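> here is my input; please provide its structure:
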Amino acid sequence: MKKILLLLVVSAFSFTAFSQVKVGLRIAPGLSLNSVADKTSSDSIKYSKNGAGLAFSAGVNLDIFFSDNYALMVGAWYTTRTAGLKLQSSFSSMNFTQTMKVNLQYIQFPLALKVYTNELATNMKLNFTLGGTLDLKIAEKLKDSDPTIDEYKKIFQPMNIGVLVGSGVEYQTGGSVILFGGIYYNRGLLGQLKNTDDFKAKDAAKYGLSAISLELGAKF
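Predicted coordinates:
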C-alpha cells in the first residue's frame with residue numbers, strides 16, 4: 001500500500017513538472033436547441049418541440065498543456081437551458097394543445113482535448129476542441145405554459161451526457177493574461193424525459209437537449 005501511495009505521489013509531481021496549467025474564467029451565452037421524437041401514435045397524442053430558447057453558461061476551465069499544441073481541458077460550469085415541449089391531442093371526444101417552457105439548471109463537468117495551431121499572427125493561435133460533458137441537474141422550474149399548469153411535476157431527467165465540439169482563438173496580451181473566444185456546440189446524448197405518476201412522458205417521446213454558445217473569457 002505504501003509503495004502504491006509513493007508511486008501516486010511521484011506521478012503527481014512528475015505530471016506537474018512536465019505540464020503547464022492555465023486557469024480560465026469564461027462566460028458563454030447561447031441558444032438552447034430541442035429535438036423531440038414521438039415514440040407512438042396509439043396514444044393519440046403528438047409530442048413536438050416548442051421552439052428554441054436562451055442558454056447561458058459560466059465557470060472555470062483548467063487547461064493542462066502537454067506541449068505547445070496540445071492540452072487537456074477540465075472544468076466546472078454553471079449552465080442553464082430552456083426546454084420547450086408541445087403536446088397535441090387528437091382524441092375524437094377532446095382536442096387540446098398544451099405548450100410549456102421549462103428552465104433547467106445544471107452543473108457541467110467538461111473533459112476535452114484542445115489542439116492548437118502555430119501562431120497565425122503575432123501572439124494569436126487557433127484551437128479546436130473535442131470532448132464531452134457530464135451534466136448534473138440542480139434545478140427545474142416551469143417558466144411558461146398554455147394553458148396554465150397549476151401544479152407542475154418535474155419531467156426531466158437528473159443527468160445528461162453530452163458531446164462538446166468547437167473552435168476558437170486565443171490572444172496573448174503583453175502580460176501573462178490570455179484572452180480567448182470561440183463558438184461551441186454541446187449536444188446531449190440521453191433522452192431527457194422521465195415518467196411521473198400522471199405523465200408518462202418517457203414512454204411517449206424522446207427529448208434531446210443541445211446548445212450552441214459563444215464563449216468569451218481570459219486565462220491566467
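> which strand in this structure runs the most residues?
strand 124-146 (DSSP state E).
> now that one: how far from the chain's centre is it?
The chain centroid and the centroid of strand 124-146 are separated by 2 Å, computed with Cα atoms, centre = their mean, to the nearest Å.
> show me what it is packed up against.
strand 70-89, strand 97-116, strand 159-172, strand 178-188 (3 or more Cβ pairs under 8 Å, 6 or more residues apart in numbering; DSSP states H and E). No exception for glycine: its C-beta is placed from N, CA and C like everyone else's.
> quick one, the second one and strand 178-188 angle?
Orientation note: strand 97-116 sits at an angle of 130 degrees relative to strand 178-188 (axes from the mean of the first three to the mean of the last three Cα atoms, to 10 degrees).
> can you pull the buried residues of strand 97-116?
99-104, 106, 108, 110, 112, 114, 116 (16 or more other Cβ atoms under 10 Å).
> do the same with the shortest one
Residues of strand 178-188 classed as buried under the neighbour-count rule (16+ other Cβ under 10 Å) are 178, 180, 182, 184-188.
> using CSV, lay out the buried residues of strand 97-116 together with distance to K49.
CSV is the format used below for these (distance: Cβ to Cβ, whole Å):
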residue, distance to K49
T99, 10
M100, 11
K101, 11
V102, 12
N103, 16
L104, 15
Y106, 19
Q108, 22
P110, 25
A112, 27
K114, 32
Y116, 37
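> what's the burial count for I138?
Using other Cβ atoms under 10 Å, I138 has 12 neighbouring residues.
> name the helix or strand of this structure that has the lowest mean pLDDT.
helix 2-17 (a mean of 48; mean pLDDT, DSSP states H and E).
> the residue nearest the centre of the chain: what's it in contact with?
Among the residues of the chain, the one closest to the centroid is N186, at 5.0 Å (Cα atoms, centre = their mean). By Cβ atoms under 8 Å, 6 or more residues apart in numbering, the contact list for N186 reads 133, 162-164, 210-213.
> which among these end up buried?
133, 162, 164, 210-213.
> go through the residues you listed and say which is closest to Q88.
Taking Cβ to Cβ as the measure, Q88 lies nearest S210 of the buried ones among the contacts of N186, at 23.1 Å.
> and that closest one, bridged to which residues?
Per DSSP bridges, the residues bridged to S210 are L33, R187.
> wait, doesn't it sit right on S35?
Yes: counting by Cβ atoms under 8 Å, S210 does reach S35; the two are 7.4 Å apart.
> P147 touches L87, doesn't it?
No: using Cβ under 8 Å, P147 is not in contact with L87, being 11.3 Å away.
> of those two, who's got more company?
The neighbour count for P147 versus L87, taken as other Cβ under 10 Å, is higher for L87 (19 against 9).
> run through the residues that contact the nearest residue to the more buried one once chain neighbours are set aside.
Leaving aside its chain neighbours, L87 sits nearest to Q98 (4.4 Å; criterion: Cβ to Cβ, 6 or more residues apart in numbering). For Q98, the contact set (Cβ under 8 Å, 6+ apart) comprises 86-88, 145-147.
> in the residues you listed, find the pair that's most separated.
For the contacts of Q98, the farthest-apart pair by Cβ to Cβ is Q88 and S145; their separation is 14.5 Å.
> now the buried residues of strand 178-188 as TSV including pLDDT?
TSV is the format used below for the buried residues of strand 178-188 (pLDDT from 0 to 100):
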residue	pLDDT
I178	96
F180	98
G182	98
Y184	98
Y185	98
N186	98
R187	97
G188	97
